[in-house]
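**Student:** Give me a 3D structure for the following:
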Amino acid sequence: MKANMLKAYLEKIHIPDVFVVPSLSFKPKEAMNQLIEMVETYQASNSDSSLCFIGSSLGGYYATWLAEKYESRVVLINPAVNINDLFKRYLGNNHNSYTGEDYCLTMNHVHDLETFNVDTITQVDRYLLMLQTGDEVLNYKHALDKYVGAPSIVEEGGDHGFAEFERHQETILAFCGINCLKKYA
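**Tutor:** Numbers count the residues shown, from 1 in each chain. The predicted structure follows:
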């Protein structure tokens, strides 16, 4: 939902080529390999461009690892932090409502996810943390603890999907270094 909203907004202001929404494998190692390949392909042909990752929930977990690896900016929206605790609830058969894919989550997948944990955040100023206290899936306080010192937007209420996300699109893009106003000219 959020990715589609942001993509539509960028199309509306005539800069759709600055944003990629990847379709990833549910298998953590495969997903991360897909992301690394995308980033390195992009960097090989765009050496003058900086990267900014945007991730929500598990995407926020992946984006944290990528931001540290590539020393990039990152916007985290209700990010997953305690992977082991979170994903044990989902062991077994699941359905991805975004891709329509059915899959079986195993403890091996959870262990693979743990390999992408970032214990120490290095430049917190590269992170924009967006949280809503009403997140019914994740405890927002865990993210506050992990990303202490990062610029943050913490809103009372809301939900895991980040209610009224569209209000923050320009803030997100500005943090990523995209000047929306120049693109209208």
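
**Student:** so who does Gln132 touch?
**Tutor:** Applying CB atoms under 8 Å, 6 or more residues apart in numbering, one finds that Gln132 lies in contact with Asn78, Tyr140, Val154, Glu155, Glu156, Gly157, Gly158, Asp159, His160, Phe162, Ala163. The C-beta positions use only the backbone N, C-alpha and C, and glycine is treated the same way.

**Student:** again but with Phe19, I slipped
**Tutor:** Phe19 neighbours (CB under 8 Å, 6+ apart): Leu6, Lys7, Leu10.

**Student:** Now with 10 Å, please.
**Tutor:** By CB atoms under 10 Å, 6 or more residues apart in numbering, the contact set of Phe19 is Ala3, Leu6, Lys7, Tyr9, Leu10, Glu11, Cys52, Ile54, Leu173, Cys176, Ile178.

**Student:** Next: Tyr127.
**Tutor:** 53, 63-64, 67-68, 73-76, 79, 121, 146-147, 149-152, 175.

**Student:** List only buried entries from these.
**Tutor:** 53, 63-64, 67-68, 73-76, 79, 121, 146-147, 150, 152, 175 (16 or more other CB atoms under 10 Å).

**Student:** Of these, which belong to helices?
**Tutor:** Ala63, Thr64, Ala67, Glu68, Lys146, Phe175 (DSSP state H).

**Student:** which of the residues you listed lies closest to Asp17?
**Tutor:** Each of those was scored against Asp17 by CB to CB, and Phe175 proved nearest at 18.9 Å.

**Student:** Fine by me, thanks again.
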